[in-house]
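Enquirer: requesting a structural model of the entry that follows:
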Amino acid sequence: MSRVVSLYLPSWPTDRFRWKLGKAAPPVETPLVLIGRDGRQRVVLAADRAARGAGLRVGMPATQAQALLPGLLMQDADPAGDLEGLEKLALRALQRYAPIVAPDPPDGIVIDTTGADHLHGGEQTMLDDMVDRLRHLGLEARAAIADTWGTAHAFARYAAQPTFVVPPGESAKAIAALPISALRVPPDMVLGLHVLGFDRIGEVMTQPRAPLTKRFGPELARRIDQAVGRLREPIDAIRPPYLVEVHRAFAEPIAAPETIARYTGKLVTILCERLEAKGLGARRLDLLFSRVDNRQEAIRVGTARPVREPRRLTRLLTDKIETIDPGFGIEAMHLIATLAEPLTPRQTISTLGGENDADVSDLVDTLSNRLGSESLYRMAPVASDVPERSVQRIGATTPETGDGWPSEWPRPARLLSPPELIETIAVLPDHPPVSFTWRGIRRRVRRADGPERVFGEWWKRDPELLAVRDYFRVEDEAGERYWLFRAGNGEDTTTGSHKWFLHGIFA
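Expert: Take a look at the predicted model:
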């Protein structure tokens, strides 16, 4: 089943204006409108959140808007620049999220994420990531995902706060409660339906088609069918001309997995030759399949490093052929290097008799494409004395950071997050516990070492200016070893609560 994301940018023209100016942009509290011509009259073509909150609206005469809000900032609209900027955002989404992405003018982007959500932590996590990344750019955004473009488009604009996930198979049921204007029909058609007493999409869906088609034309029925999935709505995916791309059309449609795999290998070989001519290696490949029913299927694979080895790239792609539904046959295949980086030849055999370092990037690529890049990582040290801040996740092939863990005191193999409160019997201020109770079991301490004093990082948070922890390594009568700490120095209550916590377990 297809899954489509609609990204909605409610203040796109004004947000882009501020984005373009950067640090020189006016504050977000300053009402901003963009002005253009409607015939001979100058009217408001876009208004930011502050302007809308002050009562201004799109289509209002510019002189009226200025009279209502004397401190209003007015600038000329740039529809061509808005469309170009929307295409740039679509290209970012193409390189990060899925192979089929297109601008949805005037204020949106549509993404076919079928089979790609697991690579980004699931649908909800993927939507949150999209909205967060746009917010960091200063762009207000909402996002929704559904089985169809029409339903996703409707929910992004009328229900997402800021995201909304329509469960698979429920597009027709879900969209029924939305207003008629969510159907992407012209405003005069919406007004005509309101005159007839229709307010919600569900009310129109239950009516006979013939009278409505006679009065409003076929557009209304077409939009309903597209929203509920009875009529497909193909996405004209963006394809920048500078991407390295190869394609193959077939006189007779193909469907057998073995045939698809064979032609995949041929396309990869040609693509690698073109990448080599440009001195590039592929970091992300998209293989698109055009079916005879005008539907597209897609495979996306990524690599940890630039690659142009045909055998390796072919294997990554053919591992995913089973996810493709060829339908009644595939009439064309397109292979695109969506993301490519410079790749210089390197020596693979040592001339000094020693062995080269093992290259595990092939294994990393295989696992990442099956499980998702977020599921594959390794731990690296961070320059911090606070234990929970002294470790971070980094990519499986990310170079070493150069930092190291403290060598004076050993650290446990497992840290608890967060540290768990325990009950202890201990003599203050510098003695380890005689016994402690953790998860309902009392443990008597046989050996202990410490304290190791760790101070708070006052430059990060004011409350850590006086914060202190005293850590002890203890061993119970069963030979199990634990890492305990007391919050505070044992004397001054301003340094901590003097409660005890279990923070780690030694192997």
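
Enquirer: which residues does Asp449 bridge with?
Expert: Taking DSSP bridges, one finds Arg473 as the beta-bridge partners of Asp449.

Enquirer: going forward, the N-terminal residue is numbered 56.
Expert: With the count now opening at 56, the last piece we talked about shows up as Asp504.

Enquirer: ok, it to Ala481 distance?
Expert: According to CB to CB, to the nearest Å, Asp504 and Ala481 sit 14 Å apart. All C-beta atoms are positioned from the backbone trio N, CA, C, and that covers glycine.

Enquirer: between these two, which one's more packed in?
Expert: More crowded of Asp504 and Ala481, by other CB atoms under 10 Å: Ala481, with 20 against 14.

Enquirer: how close does the more buried one get to Ile496?
Expert: According to CB to CB, Ala481 and Ile496 sit 18 Å apart.

Enquirer: and what of Gly205?
Expert: Taken as CB to CB, the span from Gly205 to Ile496 is 58 Å.

Enquirer: compare the two and say which is more crowded by neighbours.
Expert: Using other CB under 10 Å as the criterion, Gly205 and Ile496 rank with Gly205 on top: 26 against 8.

Enquirer: for Pro397, which residues are in contact?
Expert: When contacts are counted by CB atoms under 8 Å, 6 or more residues apart in numbering, Pro397 touches Gly334, Leu335, Gly336, Pro361.

Enquirer: burial measure for the first one, as a count.
Expert: In other words, Gly334. Residues near Gly334, counting by other CB under 10 Å, number 14.

Enquirer: next, it: phi, psi?
Expert: phi 70, psi 30 (degrees, to the nearest 10).

Enquirer: which strand residues bridge the nearest residue to it once chain neighbours are set aside?
Expert: Distances taken as CB to CB, 6 or more residues apart in numbering place Pro397 nearest to Gly334, at 5.9 Å, with adjacent residues excluded. Beta-bridge pairing for Pro397 (DSSP bridges): Leu335.

Enquirer: pull out the buried positions in stretch 262-275.
Expert: If you call a residue buried by 16 or more other CB atoms under 10 Å, then stretch 262-275 has these buried ones: Leu267, Phe271, Leu275.

Enquirer: and stretch 325-333, by the same measure?
Expert: Leu326, Cys327, Leu330.

Enquirer: let me know the secondary structure of the first one.
Expert: Following DSSP: H, G, I helix; E, B strand; the rest coil, the label given to Leu326 is helix.

Enquirer: that one against Met388, yeah?
Expert: No. Using CB atoms under 8 Å, Leu326 is not in contact with Met388, being 11.5 Å away.

Enquirer: what's the nearest residue to Ala359 if we skip its chain neighbours?
Expert: Closest to Ala359 by CB to CB, 6+ apart is Thr452, at 4.2 Å.

Enquirer: before we move on, the earlier item: just among the contacts of Pro397, which is most surrounded?
Expert: Neighbour max across those (other CB under 10 Å) = Gly336, 21 neighbours.

Enquirer: check contacts around Glu532.
Expert: For Glu532, the contact set (CB under 8 Å, 6+ apart) comprises Arg498, Arg499, Arg501.

Enquirer: now the buried members of those.
Expert: So, of the contacts of Glu532, Arg498 end up buried under the neighbour-count rule (16+ other CB under 10 Å).

Enquirer: among the contacts of Glu532, which lie within strands?
Expert: Arg498, Arg499, Arg501 (DSSP state E).

Enquirer: was I right to think Arg71 contacts Gly140?
Expert: Yes. Counting by CB under 8 Å, Arg71 touches Gly140, with 5.0 Å between them.

Enquirer: out of those two, which sits in the busier spot?
Expert: Neighbour count, other CB under 10 Å: between Arg71 and Gly140, Arg71 has more, with 24 against 21.

Enquirer: so which helix or strand takes in the more buried one?
Expert: Element membership for Arg71 (DSSP states H and E) is helix 67-76.

Enquirer: and the closest residue in space to Val60 that isn't next to it in sequence, what does it touch?
Expert: Using CB to CB, 6+ apart and skipping residues adjacent in sequence, the residue nearest Val60 is Ile166, 4.3 Å away. Neighbouring residues of Ile166 by CB under 8 Å, 6+ apart: Val59, Val60, Ser61, Leu62, Ala148, Tyr152, Ala153, Ile155, Val156.

Enquirer: can I get those in CSV with secondary structure?
Expert: Below are these laid out as CSV (three-state DSSP):
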residue, secondary structure
Val59, strand
Val60, strand
Ser61, strand
Leu62, strand
Ala148, helix
Tyr152, coil
Ala153, coil
Ile155, strand
Val156, strand
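
Enquirer: which neighbouring elements make contact with the helix or strand bottoming out on mean pLDDT in the chain?
Expert: For the chain, the helix or strand with the lowest mean confidence is helix 416-426, at a mean of 74 (criterion: mean pLDDT, DSSP states H and E). Judged by 3 or more CB pairs under 8 Å, 6 or more residues apart in numbering; DSSP states H and E, helix 416-426 is in contact with strand 351-362, helix 365-373.

Enquirer: quick one on the thing from earlier: just the ones of the buried residues of stretch 262-275 in helices?
Expert: In this view, these that belong to helices under DSSP state H are Leu267, Phe271, Leu275.

Enquirer: tell me how far the last one lies from Pro312.
Expert: For Leu275, the distance to Pro312 equals 41 Å [CB to CB].

Enquirer: partners of Gln130 in the sheet?
Expert: On the basis of DSSP bridges, Gln130 is bridged to Leu89.
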